[in-house]
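S.K.: sequence-free structure coming up:
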């Protein structure tokens with residue numbers, strides 16, 4: 001398994017990361033533990049979670065359950081040091097803390113809550129789930145309007161948060177800081193603010209990225225390159241669309257589409273047309289489309305790790321098959337042609 005460094009931190013992570021957001025709803029604790037065991041056996045050392053998980057559905061009653069499942073595995077296995085652990089602080093709009101925005105006032109208690117549930121005394125990568133000012137992710141790009149944002153308030157909040165995070169670093173409770181659902185401008189401001197506050201420098205950004213969602217290809221990619229920020233891709237299989245299992249109106253029992261009727265705004269005729277184009281590329285080159293999609297995202301020049309999830313051991317094994325795949329120039333050229341023919345399919 002290829003290893004990459006998280007920004008400038010020196011922390012080495014596997015190029016594939018095990019996502020956990022279904023553990024506690026679609027998956028039992030025992031299934032989550034089995035996935036961790038198998039992932040580590042395959043060379044993955046990186047697990048991503050969040051205080052608000054599990055999802056499908058999100059609910060106030062299940063907040064923290066996924067972290068508890070991971071914590072139980074740490075306690076039973078004694079293998080905390082074998083894992084690079086990432087979790088996230090929810091913000092405005094979350095059921096946590098009655099939807100309070102992320103601030104210096106919320107960070108210490110929220111870190112403590114995650115530590116308690118995870119049954120560990122440190123978090124390797126502590127991420128903010130989304131910016132307080134809002135985000136264009138999750139299909140909000142179609143109507144995104146930042147004109148009501150207050151720059152001074154945004155910068156002041158960043159500096160206050162970094163000061164609080166630095167206290168956590170000095171206490172040994174977090175090792176690195178990252179953002180999720182962030183823009184190029186936001187990433188630059190976080191990097192600049194760290195220089196002014198001596199707080200932890202932003203190491204990563206976790207945004208949606210796949211063959212179907214390539215918003216990061218321009219400004220975010222450039223920012224990641226120049227600021228040494230590693231990208232972590234979530235939904236690299238486009239919520240399962242790129243597996244092909246939803247083509248021709250299929251809705252497998254227990255699938256995300258059976259629980260989320262529009263796949264978070266991803267479902268639509270243009271999406272299925274684009275999926276078919278990528279399935280055709282995979283078939284032309286005798287590739288598993290899951291392997292192709294994961295290997296392509298993994299090898300993007302700004303990518304540090306690709307986060308994938310599984311609701312069955314069969315799905316996990318299939319995704320692990322992408323670990324050593326190297327796509328030929330011909331495959332990449334055909335992928336590029338499909339992208340030009342089907343840009344922004346949702």
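M.R.: Cool, got the structure. Just so you know, these numbers come straight off a predicted model, no measurement behind them.
S.K.: okay, CA-based contacts and neighbour counts for the rest of this
M.R.: Fine.
S.K.: longest helix in the chain, please.
M.R.: Longest helix in the chain, counting residues (DSSP state H): helix 151-170.
S.K.: mind checking how far whatever helix or strand comes next after it is from the chain centre?
M.R.: Sequence order places strand 174-180 as the next helix or strand after helix 151-170, per DSSP states H and E. Strand 174-180 sits 12 Å away from the centroid of its parent chain (C-alpha atoms, centre = their mean, to the nearest Å).
S.K.: and stretch 98-114, by the same measure?
M.R.: Distance, centroid of stretch 98-114 to centroid of chain: 20 Å (C-alpha atoms, centre = their mean).
S.K.: now that stretch: buried residues?
M.R.: 101-104, 106-107, 110-112, 114 (16 or more other C-alpha atoms under 10 Å).
S.K.: what is the rounded mean pLDDT of it?
M.R.: Mean pLDDT, stretch 98-114: 97.
S.K.: if you skip the residues just before and after it, what's nearest to residue 196?
M.R.: Take residue 196 and drop its neighbours on the chain: the residue closest to it by C-alpha to C-alpha, 6 or more residues apart in numbering is residue 159, 8.0 Å away.
S.K.: where's the one you found relative to residue 170, distance?
M.R.: 17 Å (C-alpha to C-alpha, to the nearest Å).
S.K.: what of residue 304?
M.R.: Separation of residue 304 from residue 170 (C-alpha to C-alpha): 26 Å.
S.K.: now residue 216
M.R.: To residue 170, residue 216 is 32 Å away according to C-alpha to C-alpha.
S.K.: what residues are up against residue 255?
M.R.: By C-alpha atoms under 8 Å, 6 or more residues apart in numbering, the contact list for residue 255 is empty.
S.K.: roughly how far does it sit from residue 184?
M.R.: Applying C-alpha to C-alpha, the value for residue 255 to residue 184 is 33 Å.
S.K.: over to residue 100?
M.R.: For residue 100, the distance to residue 184 (C-alpha to C-alpha) stands at 24 Å.
S.K.: and what of residue 130?
M.R.: 13 Å.
S.K.: neighbour count winner among those two?
M.R.: residue 130 (22 against 16; other C-alpha atoms under 10 Å).
S.K.: pLDDT score for the more buried one?
M.R.: For residue 130, pLDDT reads 97.
S.K.: list the contacts for it?
M.R.: Residue 130 makes contact with 90-91, 179-182, according to C-alpha under 8 Å, 6+ apart.
S.K.: quick revisit: ok, residue 216 and residue 170, which is more surrounded?
M.R.: For residue 216 and residue 170, the more surrounded residue by other C-alpha under 10 Å is residue 216, and the numbers stand at 20 against 10.
S.K.: what's the closest of the contacts of residue 130 to residue 203?
M.R.: Residue 203 lies nearest to residue 179 out of the contacts of residue 130, by C-alpha to C-alpha, at 8.3 Å.
S.K.: and the closest one, what does it touch?
M.R.: With C-alpha under 8 Å, 6+ apart, residue 179 has these contacts: 127-131, 187, 202, 204-206.
S.K.: all helices for this protein, in order.
M.R.: 29-41, 65-77, 104-118, 151-170, 184-197, 219-227, 256-259, 269-284, 289-298, 313-320, 329-341.
S.K.: can you pull up the most central residue in the chain?
M.R.: The centre of the chain sits closest to residue 234, judged by C-alpha atoms, centre = their mean, with a distance of 3.6 Å.
S.K.: what pairs with it across the strands?
M.R.: residue 208 (DSSP bridges).
S.K.: any figure for the gap between it and residue 77?
M.R.: 27 Å.
S.K.: swap in residue 59?
M.R.: Taking C-alpha to C-alpha, one finds residue 59 at 29 Å from residue 77.
S.K.: just residue 101 next, same as before
M.R.: Noted for residue 101: a distance of 35 Å to residue 77, by C-alpha to C-alpha.
S.K.: kindly report the same for residue 175.
M.R.: 22 Å.
S.K.: can you check residue 121 too?
M.R.: To residue 77, residue 121 is 16 Å away according to C-alpha to C-alpha.
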